[in-house]
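Peer 1: Here you go, sequence then predicted model.
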Amino acid sequence: MIGPLFAADVVMLSRVQFALTIMFHYLFPPLTIGLGVVLVWLGFGFVRTGDPLYRQAQKFWTKIFALNFALGVSTGIVMEFEFGTNWAVYSEFVGDVFGSALAAEGVFAFFLESGFLAVLVFGWNRVGPRVHFLSTCLVSLGSMFSAVWIVVANSWQQTPAGHHIVPVFRRGQPWVIDGAPVLRAEIVDFWAMVFNPSSMVRLAHVLTGSFIVGGALVCSVGAFYLLRGRHAEFARRSLTGGLVVLTIGSLAALATGHLSAEYVYAYQPAKLAAFEGHFETGRGDMTLVGWPDPAANTTRYAVAVPGMYGVLLKGDPNATVVGLDRFRPEDRPPLAVPFVSYRVMVGVGSYLIALSLAGCYFRWRGTLFEKRWMLRLFVVTILPALAANHAGWVAAEVGRQPWIVHPPVTWTGGAPGEGDVVTGPDGKVTYDEKQSLRTTAAVSRAVTAGQVLASIVGFGAVYTLLGVIWLWVLHHKIQEGPDLPDAPEKPADELRGFFDSAAERPAFAASMTEAKEPAPAPREDAP
């Protein structure tokens, strides 16, 4: 096993390294985005009703939110360094685009989220309920803003827009390596880059996936407490609120996923053909299960719905759908990984829709909390929810190969997705590679396979330790449960404003995952 790893090339090892680090990191952003919505709902409930159970629940879920926020920040920084160490050519090509998007994330998202997180975590009795609720909203909004700019940058790789390609100059002369000029993408229209053809649809799909994860976690914990007979009222409200978020997210993901597939067909038809195992251009059958065989250009053991692929894309079961035969073998994505991961995403999504709708029905009937078989399903629902989020990203990124920045595709009907793809004399699509970048050409030339492999081993050890710590702390917080009901709130005239509270020296140990109360004032008769 070790021999083939050492023999692997730098490109594959660098892809494995980035895949492992980003998949571990992506455990946390969906949780913080989804939990942020739950915290807003709980904070609004307390402001509206004054019911201390809402405040109790918000404190509990804030601990879980803060834990995931800390892990998300620490694991996310690593990938920005990987761009420079392992993907230097890619960084040169996309630096103008990614630099602006990541800078916007820092200014508009990270500072907003991290700044008001302190008020959310430590400000329970230091600011009034309305100020605390405002901070909760801003933290939730900041977590979504982070997704906005990351998805914008990634979507630009899928459907580039708002730029032109220019040569890179060194000492006043075009920079040439191995006889080829070094090129880079330069923004000419910032907002066209931001609103590139796929960005908003993909952003909606990412956010709905995050709502699914956040809602699934809340349902999981609520159902766990009900099965154990603990914190009954807290558990019932948590399960109800999580079920609402899960149901909305699941149904919205169905709609945004359908729109996303239409955009993939219009701008990356080879990717969608790989998702469906659609080899020959013609009637589009939707393959439910099977196994793609690229050597034989067929999907073996296929169970398909005739014409349904064409219905979903064009509303016509007899519509002509572009297949992999329109693309040269070197321009096709690998088939097994996107084919399987796409079905995992769709299959789990369908399961979550059925589960959440059934849960809503039983909740409406007033029997949900007594159905222990369904509570057991909700306890483990967080696992398939996370798996579906990861599978969707795996399908999107592996399906983009062999391109790290996808080239434009021209259609005979003029508009993207209309008619057939424009092909060359050989009947295959001819890409303009000056407008794109292949993954094999994007890696750093100074990095060796041994160095990348050593970093994978190192990251694996560190991330395994972080994962164990995360699971241990998460388990401890859940087992510990929510705090006892709060003491009565301070009178309004004793609550200080935001800046007064921020200026006060904290009188407690710094802990991002514990809701702390201020230390008592010293007695007047103290020496």
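Peer 2: Received the coordinates, thanks. Just so it is clear, the model here is predicted, and its values are computed rather than measured. Residues are numbered from 1 along each chain as shown.
Peer 1: I would like the residues contacting stretch 347-360, please.
Peer 2: With Cβ atoms under 8 Å, 6 or more residues apart in numbering as the test, stretch 347-360 has contacts from 212, 216, 219, 243, 246-247, 250-251, 253-254, 257, 368, 374, 377-378, 381, 384-385, 387-388, 391. Backbone N, C-alpha and C define where each C-beta goes, glycine included.
Peer 1: Actually, stretch 231-246.
Peer 2: By Cβ under 8 Å, 6+ apart, stretch 231-246 touches 34, 37-38, 41-42, 53, 56-57, 60, 211-212, 214-226, 352, 356, 359-360, 363, 368-369, 378, 381, 481-482.
Peer 1: Report the rounded mean pLDDT for that stretch.
Peer 2: Mean pLDDT, stretch 231-246: 88.
Peer 1: So which bits of that stretch are buried?
Peer 2: The neighbour-count check on stretch 231-246 (16 or more other Cβ atoms under 10 Å) flags 231, 234-246 as buried.
Peer 1: Find the least confident helix or strand in the chain, judged by mean pLDDT.
Peer 2: When each helix and strand of the chain is scored by mean pLDDT, DSSP states H and E, helix 2-7 comes last, with a mean of 39.
Peer 1: after it, next one along is what?
Peer 2: Counting by DSSP states H and E, the element after helix 2-7 in chain order, helix or strand, is helix 10-25.
Peer 1: Do me a favour and average the pLDDT over that following helix.
Peer 2: 89.
Peer 1: Which parts of it count as buried, going by neighbours?
Peer 2: 10, 11, 13, 14, 15, 17, 18, 21, 22, 24, 25.
Peer 1: does the closest residue to the last one other than its chain neighbours sit in a helix or strand, and which one?
Peer 2: Closest residue in space to residue 25, ignoring its immediate chain neighbours: residue 75 at 4.1 Å, by Cβ to Cβ, 6 or more residues apart in numbering. With elements taken from DSSP H and E, the one containing residue 75 is helix 52-86.
Peer 1: now the following helix or strand past that helix and helix 10-25, what's the angle there?
Peer 2: Downstream of helix 52-86, the next assigned helix or strand under DSSP H and E is helix 88-105. On the basis of axes from the mean of the first three to the mean of the last three Cα atoms, to 10 degrees, helix 88-105 is oriented at 20 degrees to helix 10-25.
Peer 1: between helix 88-105 and helix 52-86, how big is the angle?
Peer 2: Using the same axes, to 10 degrees: helix 88-105 against helix 52-86 is 150 degrees.
Peer 1: hmm, who's touching helix 88-105?
Peer 2: Outside helix 88-105, the residues touching it (Cβ under 8 Å, 6+ apart) are 80, 83-84, 145-146, 148-150, 152-153, 156-157, 163, 168, 182-187, 190, 193-194, 404-405, 437, 441-446.
Peer 1: Kindly report the same for stretch 37-47.
Peer 2: Here stretch 37-47 has contacts from 51-52, 54-55, 57-58, 61-62, 65, 120, 129-130, 132-133, 136-137, 139-140, 211, 214-215, 218, 241-242, 245, using Cβ under 8 Å, 6+ apart.
Peer 1: Below-threshold pLDDT in the stretch 51-200 of the chain: ranges please.
Peer 2: For the stretch 51-200 of the chain, applying pLDDT under 70 flags the ranges 179.
Peer 1: hmm, back to that, what about burial for the contacts of stretch 37-47, which qualify?
Peer 2: Buried, going by 16+ other Cβ under 10 Å: 54-55, 57-58, 61-62, 65, 120, 129, 132-133, 136-137, 139-140, 211, 214-215, 218, 241-242, 245, out of the contacts of stretch 37-47.
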